[in-house]
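S.K.: curious how this folds, go ahead:
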Amino acid sequence: MKKRIVSIILAAMLGSAMLAGCGSSSTDSTDDAAGEASVSAEAETEETDADEELSAEEEEEAAVDQFEETTITIYAAASLQTVLTELIDVYNETQPNVTIVGSYDSSGTLLTQIEEANGDGIDIFFSAAQKQMNTLEEDDGLVVDGTRHNVVNNQVCVITYTGSETTVTGLSDIANASSLALADGSVPVGKYTRQALVNAGMLDEVEDVSTITTDEVSAALGGIEINECGNVSKVLQAVAEQSNEVGTVYYSDTYGYEDQIEILEYVSYDLTGDVIYPVAQVANGSADELESAAAADFIEFLISDEAKAVFDSYYFDTDVED
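M.R.: Residues are numbered from 1 along each chain as shown. Purely as a prediction, here's the structure:
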């Protein structure tokens with residue numbers, strides 16, 4: 001009898017132990033399931049957040065209305081060619097369908113070409129001086145109202161080639177050079193150089209300094225040999241290639257030539273006056289509505305903070321009054 005009672009007690013104890021074990025297993029399974037559900041929820045939340053971020057980026061890109069395929073033509077001063085090449089690339093990141101064709105030369109030459117075409121085929125004029133833009137707007141009536149803006153300022157520099165051992169220190173003793181590369185008076189940098197020489201008392205005053213001939217400059221400087229150049233890029237090349245001992249260019253022109261040329265003097269604005277570069281949309285009679293709209297949009301880009309950062313990196317001064 002005692003043995004039977006002991007057996008019953010042992011069986012009861014074994015049954016309780018088994019029930020306890022089963023209860024623990026059930027709890028563990030529940031905990032595991034809850035953990036898996038929590039991880040799954042977190043993953044879903046992260047995916048949702050990522051989708052929302054992607055959606056925001058897509059909405060931001062969609063906010064920039066892209067033009068249909070069109071081509072615009074810009075006539076710009078030779079000293080703008082390098083920086084405009086990058087600016088066009090930046091603009092095309094958001095407006096890939098707008099092809100921008102640039103024609104670069106002295107502002108005087110470009111003005112003549114625009115006048116001869118009566119604006120047809122040309123959408124934008126970006127001049128290195130106010131004089132040419134004034135002529136296009138006031139005399140020719142070929143500037144679209146409300147599109148003219150002052151974009152950057154520049155500074156005339158006296159340069160020589162690296163290792164020249166010149167005794168010239170700047171404008172005041174430029175006559176000591178064996179030869180001088182100088183743009184003609186119709187080219188803005190040539191005009192500004194002549195203005196500086198007048199204000200420094202080295203040339204006689206005249207009503208329009210651009211009319212001072214290269215021979216007259218040479219005579220005033222003691223007969224110095226002068227290589228008359230058709231635009232500022234040709235002046236830069238003449239000095240960089242050591243064809244001439246010194247020359248006058250814009251500070252922005254020296255970008256990328258730091259190993260080939262040396263700046264002898266940054267000519268004071270007191271002598272040259274401000275070297276403002278204005279831009280405007282040309283009244284292009286042959287342009288359709290899409291082309292005209294794209295031209296106006298590119299001008300707005302050129303005066304944006306994004307474009308100013310690019311201009312600054314190419315040695316232009318963007319602190320100008322519009």
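
S.K.: state the pLDDT value of Val64.
M.R.: Model confidence at Val64, given as pLDDT, is 70.

S.K.: same check, this time on Ala220
M.R.: The confidence metric pLDDT takes the value 97 at Ala220.

S.K.: ranges for the helices of the stretch 101-250 of the chain?
M.R.: 107-117, 130-134, 188-199, 214-220, 232-240 (DSSP state H, counting those that start in this stretch).

S.K.: report all helices and strands that the first one contacts.
M.R.: So the one you mean is helix 107-117. Where contact means 3 or more C-beta pairs under 8 Å, 6 or more residues apart in numbering; DSSP states H and E, helix 107-117 is packed against strand 70-77, strand 98-105, strand 124-126, helix 130-134. To be clear about C-beta, it is placed using only N, CA and C from the backbone, and glycine gets the same treatment.

S.K.: list the contacts of the closest residue to Thr147 other than its chain neighbours.
M.R.: Spatial nearest neighbour of Thr147, chain neighbours left out: Gln281 (3.9 Å); criterion: C-beta to C-beta, 6 or more residues apart in numbering. When the contact criterion is C-beta atoms under 8 Å, 6 or more residues apart in numbering, the partners of Gln281 are 123-124, 143-144, 147, 292, 295-296, 299.

S.K.: let's go with 7 Å and repeat that
M.R.: Neighbour list for Gln281: 123-124, 144, 147, 295-296, 299 [criterion: C-beta atoms under 7 Å, 6 or more residues apart in numbering].

S.K.: that one falls within a strand, correct?
M.R.: Yes - counting by DSSP: H, G, I helix; E, B strand; the rest coil, Gln281 is part of a strand.

S.K.: and the gap between it and Asn153?
M.R.: 21 Å (C-beta to C-beta, to the nearest Å).

S.K.: just Thr160 next, same as before
M.R.: The value you get for Thr160 to Asn153, if C-beta to C-beta is used, is 24 Å.

S.K.: most neighbours, which of the contacts of Gln281?
M.R.: Asp123 (27 neighbours; other C-beta atoms under 10 Å).

S.K.: what are the phi and psi angles of that one?
M.R.: Dihedral pair for Asp123: phi -100, psi -30, per degrees, to the nearest 10.

S.K.: excluding sequence neighbours, find me the nearest residue to it.
M.R.: With C-beta to C-beta, 6+ apart as the criterion, Asp123 has its nearest non-adjacent residue at 3.9 Å, and that residue is Ala295.

S.K.: quick one: neighbours of Gln242, just the number.
M.R.: Other residues close to Gln242 by other C-beta under 10 Å number 14.

S.K.: am I right that it is in contact with Thr160?
M.R.: No - applying C-beta atoms under 7 Å, one finds Gln242 not in contact with Thr160, separated by 9.4 Å.

S.K.: so who does Thr193 touch?
M.R.: Contact analysis of Thr193 by C-beta under 7 Å, 6+ apart lists 156, 182, 248.

S.K.: now do the host helix or strand of Ala293: distance to the chain's middle.
M.R.: Here Ala293, judged by DSSP states H and E, is contained in helix 289-302. Distance of helix 289-302 from its chain centroid, counting by C-alpha atoms, centre = their mean, to the nearest Å, is 16 Å.

S.K.: state the mean pLDDT of the helix or strand that it is followed by.
M.R.: Of the helices and strands lying after helix 289-302 in sequence (DSSP H and E), the nearest is helix 305-313. In this model, helix 305-313 carries a mean pLDDT of 98.

S.K.: next: stretch 69-89.
M.R.: In this model, stretch 69-89 has a mean pLDDT of 97.

S.K.: got the end-to-end distance for it?
M.R.: 16 Å (C-alpha to C-alpha, to the nearest Å).

S.K.: quick check: buried residues in that stretch?
M.R.: For stretch 69-89, a neighbour-count test (16 or more other C-beta atoms under 10 Å) marks 70, 72-80, 82-84, 87-88 as buried.

S.K.: the residue nearest to Val90 when sequence neighbours are not counted and Leu302, how far apart?
M.R.: Of all residues not flanking Val90 in the chain, Val310 sits nearest, at 6.4 Å (C-beta to C-beta, 6+ apart). For Val310, the distance to Leu302 (C-beta to C-beta) stands at 10 Å.

S.K.: check Asp270 too.
M.R.: For Asp270, the distance to Leu302 (C-beta to C-beta) stands at 28 Å.

S.K.: separation between Gly223 and Asn199?
M.R.: As judged by C-beta to C-beta, Gly223 and Asn199 stand 22 Å apart.

S.K.: neighbour count for the two, which is higher?
M.R.: When neighbours are counted by other C-beta under 10 Å, Gly223 and Asn199 differ, and Asn199 comes out ahead with 18 against 9.

S.K.: could I get the contacts of Thr193 as TSV with neighbour count and pLDDT?
M.R.: Below are the contacts of Thr193 laid out as TSV (neighbours: other C-beta atoms under 10 Å; pLDDT from 0 to 100):
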residue	neighbour count	pLDDT
Val156	26	98
Leu182	27	98
Thr248	30	98
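
S.K.: and of those, the nearest to Ser164?
M.R.: Relative to Ser164, the closest of the contacts of Thr193 is Thr248; by C-beta to C-beta it sits at 15.0 Å.
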